[in-house]
Each structure stands twice: as C-alpha cells, then as structure tokens.
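Peer 1: Next comes the sequence, and after it the predicted model I'd like to discuss.
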Amino acid sequence: MEQVEKEKIIRFYEDRYKRYGYDHKTVGWSSWDQQSLRFQVLSEIAFLQGSTVCDIGCGFGDLFDYLKANSQIGAYYGYDLVPTLIREAATRHSHVECEFAIGDLLEEGFQRTADYFMASGTFNYRMKDNSHFVRRMLTKMFHLSHSGVAVNFLSTYVDYQDPINFHCDPAEMFAFAKQLTRYVTLRHDYPLWEFTLYLYKNR
C-alpha cells in the first residue's frame, strides 16, 4: 500500500471516530448484530479453543470479545493502522489477555505468527489497486499462520455498490486462494452482502 493511501485510510477512520466515537458506524457496519454475525462466520473456520488468533484491521477489538465468549481462545493479537482505534481497543481491554498495537502487515518487520489469522472488513475500503493489495495481504497472512486464515469481503453479488467500497468477485478470490493452498472453503450462505473465505494449511 502506498503511503498516501495509508494516510488517507487513517484520516478516514479518525474522522469517523470523531463523529461517532465507539460505535459500529465508525468501523463501517450497519449494526452490532451484523458485526456479530460476521464474527460468528469467521470463528467457524475451526474449533478454536486454546488457539492463538491474530486480527488484522482489528478496529475496536470487538472480535476478541466474541471469540473469548464463544470459543475460549488462547492469546489474541489485534493490529490496526489507525492509532485512535488501537487506543480505544487497548483501553476497553486493559485487564484481559490480549494485545493491541499499531501495525502494518505488509511491512517487512511484521513477523507475528498465530494459529489463525482473521480479518473482518479489512478489505472493504476502495483504493488504487485493491486486487493487488488483497493478494499480498492474504499471501502474508497465510504464510504467518500455523493453521489457517479466515477473511471476509463485500461481494459483487449485490444490488448496489457504494463507490467508497471495494466489492470482490467470489470466484476470483477462490481461484487465488487455491494458488496458496489446496484446502479452501468459500461461504456465501449467510444473510449479508458478502462472503467469507477459509484457507487451511492442511485438513
């Protein structure tokens, strides 16, 4: 990602936080219930009890709360580009077993590993070359994971696309994922305008 685009994304979410504060609208979701459904689908990648999870584009760290309540995961690591969101996440989870940090997965120094990497809404913001960005991100997430990756995307199977959002062709993403691993699941079976991919190291 070019530095100018990174700065644009940071400003976008910083401005939303100033407007909405801790709210689902800040991170781009229509409701808390829809966010919870996304988390449910991501968590169904595997039986996660005791697993470590790295959340890329973690926002407020709400995925940790869902996973801890429903999956009894082990360690959780949340990374985001936006300083304000990371500060809010760290404040809200100051006494629990998770870590939050400002971080860019694509920087050479990012070498955090975990059993599972997850990303919810991370690829929804339209930029200069989303396809190239997504492929680089998925490749590194899969490389750093011990067991697999769960990510969601806005789908092209929709009635309307907001120009600010990036909608991804499910077939194209499935084909790319199959270049990384033989073991891929595509889920387009839940009532949101999106899909989720699971990439596994083995089955």
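Peer 2: That came through, no problem. Numbers count the residues shown, from 1 in each chain.
Peer 1: any idea which helix or strand comes after the longest helix anywhere in the chain?
Peer 2: Longest helix of the chain, by residue count under DSSP state H: helix 3-20. Sequence order places helix 32-43 as the next helix or strand after helix 3-20, per DSSP states H and E.
Peer 1: Give me the helices and strands touching that next one, please.
Peer 2: Judged by 3 or more Cβ pairs under 8 Å, 6 or more residues apart in numbering; DSSP states H and E, the packing partners of helix 32-43 are helix 62-70, strand 145-155, strand 194-200. From N, CA and C alone the C-beta is placed, and that goes for glycine too.
Peer 1: For the helix or strand of the chain with the lowest mean pLDDT, give me every contacting residue.
Peer 2: The weakest-scoring helix or strand in the chain, judged by mean pLDDT, DSSP states H and E, is helix 3-20 (a mean of 91). With contacts defined as Cβ atoms under 8 Å, 6 or more residues apart in numbering, helix 3-20 is touched by 25-28, 81-85, 88, 104, 125, 127-128.
Peer 1: Let me know the secondary structure of residue 85.
Peer 2: helix (DSSP: H, G, I helix; E, B strand; the rest coil).
Peer 1: where's it relative to residue 11, distance?
Peer 2: Distance check for residue 85 against residue 11: by Cβ to Cβ, to the nearest Å, it reads 13 Å.
Peer 1: For stretch 159-178, measure first residue to last.
Peer 2: End-to-end span of stretch 159-178 (Cα to Cα, to the nearest Å): 28 Å.
Peer 1: Provide a list of residues in contact with residue 144.
Peer 2: 54, 111-114, 117.
Peer 1: so what pLDDT did it get?
Peer 2: For residue 144, the pLDDT comes out at 98.
Peer 1: i'd like the first residue to be 777 from this point on
Peer 2: All right, first residue 777 from here; so that's residue 920.
Peer 1: for the residue most central in space within the chain, what are its contacts?
Peer 2: The centre of the chain sits closest to residue 895, judged by Cα atoms, centre = their mean, with a distance of 1.4 Å. Contact analysis of residue 895 by Cβ under 8 Å, 6+ apart lists 831-833, 913, 917, 926-928.
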